[in-house]
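# Have a look; sequence and predicted model below, questions after that.
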Amino acid sequence: MTLAWILFFIYLLATAWIGLLGQKKTSGFSSFAIGNKDVHPIFVGITLASSVASASTFIINPGFIYVDGFSAWFHMVIGITLGFTAMLYFLSFKFRRIGSENQALTIPDWIGKRYQSKGYALFFSVLNLLSFAFVVLLVGGISIVMQSLLGLSNSTSLIITLTFVTAYVFIGGTYAHIFTNVLQGILMIGVSILILSSCVYIFFTTPESIIDKLDSINPNLLSPINSEGRLFNDVFSIYISGFIIGAVLVCQPHILTKALYVKNDTQVKQYLSVFTVIWILFALLGTVGFFAHIVIPDDQLIDSASGLFRQDLVMTVYLKTVFPDWVHTLASIILIAAAMSTLDGLLISISTITANDLILNIFNKNKKLNHEENMKLALKSSHFVLVIIAVGAYLINLNPPKLLGIFGQIGVYGLTVAAAPALFFGIILKKPPLKLIWSSSILALLVHFGLYFFGNLIIPASIISFVNPGVTAAIATIVSTTLVGIVVISKRKKI
């Protein structure tokens, strides 16, 4: 416990110092939001990888794979990784060019200027608040690790997490996010190699075949389709929806805007190359879910407070079981860093979007303020929003949702399925039709939330698992983009 506290304080001090360096580079709202385009592409690549590989990758996903086996592994490791990487390469170059030409600071700002519609930008600035669900997931994931590692209560863990991350984002903005993420990313690379090496060691040193062992525990763990699975139990949810939702997740505000951190397409290519290598390494961590069956008895995954099985505990218990205390402690500190690396990026995006695209649009309708006054108001507003987010995340996580991963996915997937048509067609079409694209965004929202909450009532005999938000989001994406595609093609044929 003493070592854990020493390492934790060292991490906090190092991150705080780096955050202060970010403050020196932040001169106004624009630099607070996206920097001054002077960040090295390697740093952007590491920042992007550590932002994407959040608590979900390091803490949440191994739990789903522990429960559903190969079905969850293919969806989360293969499908999402391929879809995400392919769409990121497809969108990033032109997104940067259009964004630079229009001096866009956020995703809603980019969409509003691309479609020449303040209303559409305002629509997405409101939808952006759905990202708050992912903030809750991240903060909850950090709290799980801190309770296990430092012996703290849930409430104390939440206060430390939210106060610390909000503080360094508050003072340093995007530069604090980048600088701290480079540190966090390097630590995450090291611990990922360590954890995956332990899996390789278990594979070669276990007397019985790992495959035979898993099959004896539960034959469905290695089945191509886990018919008993709750979330991944059919061809669509396992082999199709993962790729689609991976592509859609690129549309998160704190992901695609990384293209605005650099000056040209060459730098975009450089940071994407760095990202791809690191991201594949991080994504493979879900494999721990298989090896946890070999080394962890089921009773160790029971929450001492509630007495219920908690799949979210798989990674933390695995580390405690497999490694010596000092290695487990070091790795756990880095798991905290992994979640914080995404949390700070989300806080930047939510606060800047709310300030720039929501508050300014409401309070400066008549354009009484000049540009400089606008930027000052936006910066103050973003600081205020940061505090509100922290308070809200604290209150919800006092009694966290049973499955943090699902809670976070519902909201984030809603935001991304709505943004996907706007960004995708805004890039591939010369003159994207505003009304059609806006309608497809609304349709995507209705389909996603409608199927998730009412799918089993609407289609009671369906074999598709509507309780999996990745499935409902994938269906929503197919429906909305197909609608736009049909209309655009039919109009061109008439011409």
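It's in. Bear in mind that the values here come from a model prediction, so they are computed numbers and not experimental data.
# CA atoms for contacts and neighbours, from now on please.
Will do.
# Roughly how far does the residue nearest the centre of the chain sit from residue 151?
With distances taken as C-alpha atoms, centre = their mean, the chain has residue 52 as the residue nearest its mean C-alpha position (5.2 Å). Distance, residue 52 to residue 151, by C-alpha to C-alpha, to the nearest Å: 28 Å.
# Likewise for residue 465?
Going from residue 465 to residue 151 by C-alpha to C-alpha gives 38 Å.
# between the two, which one's more packed in?
Neighbours per residue (other C-alpha atoms under 10 Å) separate residue 465 from residue 151, with residue 465 holding more: 22 against 13.
# residues contacting the residue nearest to that one when sequence neighbours are not counted?
Spatially, and ignoring its direct neighbours in sequence, residue 465 is nearest to residue 231 (6.0 Å; C-alpha to C-alpha, 6 or more residues apart in numbering). Residue 231 is in contact with 68, 237, 465, 467-468, counting by C-alpha atoms under 8 Å, 6 or more residues apart in numbering.
# just residue 476 next, same as before
So residue 476 contacts 417, 443-445, 447-448 (C-alpha under 8 Å, 6+ apart).
# Is residue 62 in contact with residue 291, as I believe?
No: Residue 62 is beyond contact range of residue 291, at 9.7 Å (criterion: C-alpha atoms under 8 Å).
# So which of the two has more stuff around it?
Set side by side, residue 62 and residue 291 show more neighbours around residue 62, with 31 against 20, by other C-alpha under 10 Å.
# in what helix or strand does that one lie?
Assigned by DSSP states H and E, residue 62 belongs to helix 61-68.
# And that helix, what does it pack against?
Of the remaining helices and strands, those touching helix 61-68 by 3 or more C-alpha pairs under 8 Å, 6 or more residues apart in numbering; DSSP states H and E are helix 70-73, helix 288-295, helix 314-322.
# what do you get if the cut-off is 6 Å, keeping everything else the same?
Here helix 61-68 touches helix 288-295, going by 3 or more C-alpha pairs under 6 Å, 6 or more residues apart in numbering; DSSP states H and E.
# how far does the helix it packs on sit from the chain's center?
In this view, helix 288-295 has its centroid 24 Å away from the chain centroid, taken as C-alpha atoms, centre = their mean, to the nearest Å.
# Between helix 61-68 and it, find me the angle.
Using axes from the mean of the first three to the mean of the last three C-alpha atoms, to 10 degrees, the inter-axis angle of helix 288-295 relative to helix 61-68 is 60 degrees.
# tell me the mean pLDDT over helix 288-295?
The average pLDDT for helix 288-295 rounds to 92.
# ok, now stretch 93-105?
In this model, stretch 93-105 has a mean pLDDT of 92.
# do the same with stretch 153-161
Stretch 153-161 comes out at a mean pLDDT of 92.
# same deal with stretch 309-319?
Average pLDDT, stretch 309-319: 85.
# re earlier: sitting in helices, which of the contacts of residue 476 do you find?
Counted as lying in helices by DSSP state H, out of these, are 417, 443-445, 447-448.
# that older thread, need the pLDDT of the residue nearest to the centre of the chain.
Per-residue pLDDT puts residue 52 at 87.
# Ok, residue 209 next?
pLDDT at residue 209 comes out at 87.
# repeat for residue 414
Confidence for residue 414, expressed as pLDDT, is 91.
# Distance check, it against residue 385.
21 Å.
# the more surrounded of these two?
Counted by other C-alpha under 10 Å, residue 414 and residue 385 do not tie: residue 414 has more neighbours, with 25 against 20.
# for the stretch 251-400 of the chain, what spans make up the strands?
Counting by DSSP state E, counting those that start in this stretch, one finds no strands in the stretch 251-400 of the chain.
# first to last residue in stretch 217-231, what's the distance?
One end of stretch 217-231 to the other measures 20 Å (C-alpha to C-alpha).
# If you could redo that for stretch 307-316, that was the one I meant.
Start and end residues of stretch 307-316 are separated by 17 Å (C-alpha to C-alpha).
# which one of the contacts of residue 231 sits closest to residue 135?
residue 468 (19.4 Å; C-alpha to C-alpha).
# coming back round to it: quick one: which of the contacts of residue 231 is nearest to residue 355?
Residue 355 lies nearest to residue 468 out of the contacts of residue 231, by C-alpha to C-alpha, at 32.4 Å.
# Is the residue nearest to that closest one when sequence neighbours are not counted in a helix, a strand, or coil?
Excluding the flanking residues, the one nearest residue 468 by C-alpha to C-alpha, 6+ apart is residue 231, at 5.1 Å. Under DSSP: H, G, I helix; E, B strand; the rest coil, the three-state class of residue 231 is coil.
# returning to what we had before: which of the contacts of residue 231 sit farthest apart?
Maximum distance among the contacts of residue 231 (C-alpha to C-alpha): 14.1 Å, for 68 and 467.
# which one of those two has more residues nearby?
Between residue 68 and residue 467, residue 68 has the larger neighbour count (other C-alpha under 10 Å), namely 27 against 19.
# Can you name the residues that contact that one?
By C-alpha atoms under 6 Å, 6 or more residues apart in numbering, the residues touching residue 68 are residue 229.
# For stretch 24-44, measure first residue to last.
19 Å.
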